[in-house]
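1. When you get a sec, could you give me coordinates for this:
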Amino acid sequence: MNKLSLATAALIAAGFVSQASAANAIYFTGSTAFRGNSFNVLSTSTAGGGVWDAAPQIATRGNATASKGTDMLFHGNISGVETFISCHWSGSEAGLASVANTTVDNSPFGNIPGAPATFLKTDGTVAYTQVSTGATGSELEATTRQGDLALADTSSAVSLTSTYPFASFGTVGVVPFTWVKNTNSVPNSSWTHFVNITHDQARSVLNFPQQAVLFTGNTADTSYIYAVGRNKGSGTRVNELADCGYPIAKDVLQFSIGGLPFSGGLTLAEVDNNGYESGGDVAKALGVDGSCGQTDPNFGGTGWLAAGFMGLGDASTFPVSPYWLTLNGVLESDGSVEEGQYSAWGNEHLYGESDVISNAAKQYQEDFANLFKTKLGANLGGGTPSAHSSGIQTGFMHAEKLSDTAAPSRL
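-> Numbers count the residues shown, from 1 in each chain. From the prediction side, this is the model:
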């Protein structure tokens with residue numbers, strides 16, 4: 001073997017290339033609530049706090065805002081090695097199932113999309129553009145495939161794939177959530193007075209629509225409030241249920257606005273235990289204006305309201321006042337999360353396939369996961385009490401959750 005061959009063999013053994021003259025490809029999935037934070041790191045060079053040697057080529061599909069796309073593809077060099085990172089953000093639960101190479105049963109609605117996922121191709125044929133519509137069939141791989149890595153808003157201990165032996169890269173930060181009410185440019189008194197939700201009230205509205213008087217105490221507030229939320233593939237949903245004490249495995253009664261999947265229009269429809277695939281679609285649904293002036297299709301009378309639970313990247317679509325609801329009288333902020341005054345948040349975890357650490361052929365995946373975790377953790381917000389960061393660095397936290405379902409306690 002000549003010196004060049006020896007050097008190439010050494011690089012392969014170190015995990016910097018998967019095979020001679022081939023690019024590395026990493027398939028990444030999971031949390032839509034942390035999608036924007038991930039985009040910040042995956043779209044940037046190491047000089048700017050990202051993972052690439054230089055600015056990468058970027059393709060996104062599914063949203064006019066690149067950082068909110070359902071599918072993303074990044075291409076460049078990492079430590080001198082050509083690398084593709086193909087992302088399908090389908091939700092934490094769907095992402096974990098994708099890495100476990102299994103499905104999520106959402107009977108009677110079929111399996112959850114994205115578990116396993118269909119990713120953008122990593123063969124160089126996908127155009128590096130940002131497109132608001134979804135990926136075309138020619139841009140996607142022909143079949144679903146197992147994911148390599150997934151971000152999850154809760155630990156695998158409470159996941160639908162809890163028996164799979166994930167490789168854990170630990171906690172990368174804290175992911176906050178908030179309840180948001182739907183858009184009404186001409187509100188009624190029920191909408192105006194609906195400014196807070198308690199854990200008890202959250203459990204009630206997740207179980208069945210409730211009149212606004214339950215939330216406001218004003219007997220004149222007779223409009224019904226409907227829960228709009230995510231499907232079983234969502235870590236946001238798990239956090240929502242865990243935070244308010246609603247059994248995670250128990251069915252909820254949710255509704256869509258503008259269809260499921262979202263297509264637009266002020267149409268309220270029962271979707272039972274089903275829901276939207278992404279927080280972006282929950283935000284779009286709640287962004288449809290005018291429910292206070294529409295006849296309630298279920299209870300009659302003029303006016304109905306809706307509320308949903310989402311990560312702050314999607315909640316930022318709405319002004320904090322008057323759309324974000326306080327939870328048990330406390331508004332979400334970096335300060336209220338960090339000090340343990342506000343409970344709707346989770347620890348963001350990074351998981352990989354069971355053998356990603358022990359398998360030498362996957363060394364490049366392990367190396368990337370560790371690099372990504374470091375860069376992502378440093379890229380998050382926190383430390384400014386009045387801010388509303390979509391991710392908070394663990395170093396700013398003065399509170400902790402001892403389990404996924406625990407209330408915050410002081411460190």
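2. contacts and neighbour counts: CA atoms only from here.
-> OK.
3. Low-confidence ranges, the protein, go.
-> When residues are selected by pLDDT under 70, those of the chain lie in 1-21, 114.
4. longest helix anywhere in it?
-> The longest helix of the chain (DSSP state H) is helix 363-379.
5. buried stuff in it?
-> Across helix 363-379, burial judged by 16 or more other Cα atoms under 10 Å covers 363-366, 368-369, 372-373, 375-379.
6. In the stretch 101-250 of the chain, what residue spans correspond to strands?
-> Listed in chain order, the strands of the stretch 101-250 of the chain (DSSP state E, counting those that start in this stretch) span 130-131, 149-152, 167-181, 196-197, 210-211, 224-228.
7. quick one, which of these is packed in tightest?
-> Highest mean neighbour count of the strands of the stretch 101-250 of the chain: strand 149-152, a mean of 30 (counted as mean count of other Cα atoms under 10 Å).
8. contacts for it?
-> For strand 149-152, contacts defined as Cα atoms under 8 Å, 6 or more residues apart in numbering pick out 26-31, 34, 91-93, 95-96, 99, 235, 348-353, 369.
9. Neighbouring strands - and their directions - for it?
-> strand 24-30 (parallel), strand 345-352 (antiparallel) (DSSP bridges).
10. Need the CA coordinates for that strand. PDB is fine.
-> The C-alpha trace of strand 149-152 is given here as PDB (Å, rounded to 0.1, in the frame of the first residue of the first chain):
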ATOM      1  CA  LEU A 149     -30.200  11.700  14.200                       C
ATOM      2  CA  ALA A 150     -33.200  13.300  15.900                       C
ATOM      3  CA  LEU A 151     -33.900  16.300  18.100                       C
ATOM      4  CA  ALA A 152     -36.700  15.700  20.700                       C
END
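11. so residue 248 touches residue 235, yeah?
-> No - counting by Cα atoms under 8 Å, residue 248 stays clear of residue 235, with 10.7 Å between them.
12. Would you mind telling me which of those two has the busier surroundings?
-> With neighbours defined as other Cα atoms under 10 Å, residue 248 and residue 235 compare such that residue 235 has more, 31 against 19.
13. Just give the nearest non-adjacent residue to that one, would you?
-> Using Cα to Cα, 6 or more residues apart in numbering and skipping the chain neighbours, the partner closest in space to residue 235 is residue 92 (4.5 Å).
14. How about residue 255?
-> Nearest to residue 255 is residue 270, by Cα to Cα, 6+ apart, at 4.4 Å.
15. One more: residue 59?
-> residue 128 (4.3 Å).
16. from what I can see that neighbour touches residue 61, true?
-> No - using Cα under 8 Å, residue 128 is not in contact with residue 61; the gap is 10.1 Å.
17. Pick out the residue closest to the middle of the chain.
-> Centroid-nearest residue in the chain: residue 32, 2.2 Å away (criterion: Cα atoms, centre = their mean).
18. phi, psi of that residue?
-> phi -80, psi -30 (degrees, to the nearest 10).
19. Walk me through the domains of the chain.
-> With domains defined by automatic domain parsing, the chain comprises 7-175+347-410, 177-338.
20. What ranges does the stretch 151-300 of the chain have for its helices?
-> 189-193, 199-207, 213-216, 235-244, 279-286 (DSSP state H, counting those that start in this stretch).
21. Could you export those helices to a markdown table, including columns for distance to residue 409?
-> Shown next, in a markdown table, are those (distance: least, Cα to Cα, whole Å):
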| stretch | distance to residue 409 |
| --- | --- |
| helix 189-193 | 31 |
| helix 199-207 | 17 |
| helix 213-216 | 27 |
| helix 235-244 | 14 |
| helix 279-286 | 27 |
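22. Nearest to residue 183 among these would be which one?
-> Closest approach to residue 183 among these (Cα to Cα): helix 279-286, 6.1 Å.
23. Next, format the strands paired with strand 149-152 as CSV and append mean neighbour count.
-> Listed next are the strands paired with strand 149-152 as CSV, based on neighbours: other Cα atoms under 10 Å:
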stretch, mean neighbour count
strand 24-30, 26
strand 345-352, 26
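24. and residue 337, which of the ones you listed is closest to it?
-> Of the strands paired with strand 149-152, nearest to residue 337 by Cα to Cα is strand 345-352, at 7.5 Å.
25. Quick check: closest non-adjacent residue to residue 112.
-> Closest to residue 112 by Cα to Cα, 6+ apart is residue 104, at 5.4 Å.
26. Quick one: residues contacting the one you found.
-> Residue 104 touches 94, 97, 111-112, 115, 160, 232-233, counting by Cα under 8 Å, 6+ apart.
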